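Chemist: with the input below, show me the fold.
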Amino acid sequence: MQFGIINNPKGLEIGARHISISTCGIVPKIKEIADRDMQCTLSISLHQATNEKRSSLMPINNKYNIEELMNVCKYYIEKTNKRISFEYALAKEKNDNKEDAEELVKLLKGMLCHVNLIPINQIENRKILKKYK
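Modeler: Down below sits the predicted model:
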């Protein structure tokens, strides 16, 4: 991981606290980030709180399931004492109901984290899209 290039004084010199590393949940890399104690924000695309539902949206879950992901997230928090940002894209009638919200709360309860809810808006008129292709 070439993180040092981004905030190197001879490079872009962007302050580490202004950088967010976003991942779909690659467990070994999250552990590596924790072990390196980087001063950046860690963002994880979660989008579902159960293995079955998350696998349907994010195939990476078939390799690193939610239990493995949560274990490494707890390791990250314990090791760095930093909050994780979980990204959760709300898709109408996919993961925007009360049951999914309750599963999310159950999954993340007690963790030092932030949940970023991202509404996904359906485009009603596809003619608009064709115009820009």
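Chemist: just the mean pLDDT for the longest helix along the chain, thanks.
Modeler: Longest helix of the chain, by residue count under DSSP state H: helix 66-80. What helix 66-80 shows for mean pLDDT is 97.
Chemist: for it, name the packing helices and strands.
Modeler: Counting contacts by 3 or more C-beta pairs under 8 Å, 6 or more residues apart in numbering; DSSP states H and E, helix 66-80 packs against helix 27-36, strand 41-45, helix 51-57, strand 84-90. Every C-beta, even on glycine, is put in place using the N, C-alpha and C of the backbone.
Chemist: what is the burial count for I77?
Modeler: Residues lying near I77 (other C-beta atoms under 10 Å) number 17.
Chemist: that older thread, now do the longest helix of the chain: distance to the chain's middle.
Modeler: 12 Å (C-alpha atoms, centre = their mean, to the nearest Å).
Chemist: what do you get for stretch 59-71?
Modeler: The answer for stretch 59-71 is 12 Å, by C-alpha atoms, centre = their mean.
Chemist: one step back: tell me the buried residues in the longest helix of the chain?
Modeler: With burial defined by 16 or more other C-beta atoms under 10 Å, the residues of helix 66-80 counted as buried are 66, 69-70, 72-73, 76-77, 80.
Chemist: show me which of these is closest to E13.
Modeler: Of all the buried residues of helix 66-80, T80 has the smallest distance to E13: 22.7 Å, by C-beta to C-beta.
Chemist: dump the helices and strands packed on helix 66-80 into TSV; add distance to L112 as well.
Modeler: Below are the helices and strands packed on helix 66-80 laid out as TSV (distance: least, C-beta to C-beta, whole Å):
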stretch	distance to L112
helix 27-36	13
strand 41-45	11
helix 51-57	21
strand 84-90	7
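Chemist: much appreciated, bye for now.
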